[in-house]
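In: Build me a model from this:
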Amino acid sequence: MHIKGHPRNSLFGMNWKPANVTLVIMLTLLFLIFLLLFLTLTAQPAQGSALGGVLIDASGNLYCTTSQGGGLDLGVVWQITA
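Out: Predicted coordinates for the structure are as follows:
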């Protein structure tokens, strides 16, 4: 059923002509590019990455060191027990 005075190709009051669709696509892509740029520039590097590799003792415990972290931010030695 068609209501008088309302165009058939409108959705929520917007007329979807090819120029309008192109504009919406371009604005969406521009938004996504800016979002990716923002996330890339504000990302923090991983803290406490493994420095000396992982060691396993005879009991199956894992040991590793980090280059940052700890009370004086000089690194940490950590252990994971089996």
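In: ok, which stretches of the protein are helices?
Out: Using DSSP state H, the helices of the chain run over residues 18-42.
In: Can you list the low-confidence ranges for it?
Out: Under the criterion pLDDT under 70, the flagged ranges of the chain are 1-16, 45-52.
In: Tell me how far residue 25 lies from residue 60.
Out: 55 Å (Cβ to Cβ, to the nearest Å). C-beta coordinates here come from the backbone N, C-alpha and C atoms, glycine included.
In: Report the residue ranges of every domain in this structure.
Out: Domain ranges of the chain: 10-42, 46-82, per automatic domain parsing.
In: Could you identify which of the ones you listed is most buried?
Out: domain 46-82 (a mean of 11; mean count of other Cβ atoms under 10 Å).
In: Tell me how far it lies from the chain's centre.
Out: Centroid separation for domain 46-82 versus its chain: 27 Å, with Cα atoms, centre = their mean, to the nearest Å.
In: okay, which residue is most central for the protein?
Out: Residue closest to the average C-alpha location in the chain (Cα atoms, centre = their mean): residue 39, at 6.5 Å.
In: What residues does that residue make contact with?
Out: Residues near residue 39 by Cβ atoms under 8 Å, 6 or more residues apart in numbering: none.
In: do you know how far it is from residue 33?
Out: 11 Å.
In: what does residue 58 give?
Out: 53 Å.
In: Same check on residue 57?
Out: The gap separating residue 57 from residue 33 is 49 Å, by Cβ to Cβ.
In: same deal with residue 66?
Out: 35 Å.
In: likewise residue 81?
Out: Taken as Cβ to Cβ, the span from residue 81 to residue 33 is 47 Å.
In: thought residue 54 was touching residue 62?
Out: Yes: using Cβ atoms under 8 Å, residue 54 is in contact with residue 62, at 5.7 Å.
In: Identify the bridge partners of the nearest residue to residue 53 once chain neighbours are set aside.
Out: Excluding the flanking residues, the one nearest residue 53 by Cβ to Cβ, 6 or more residues apart in numbering is residue 64, at 7.1 Å. Per DSSP bridges, the residues bridged to residue 64 are residue 78.
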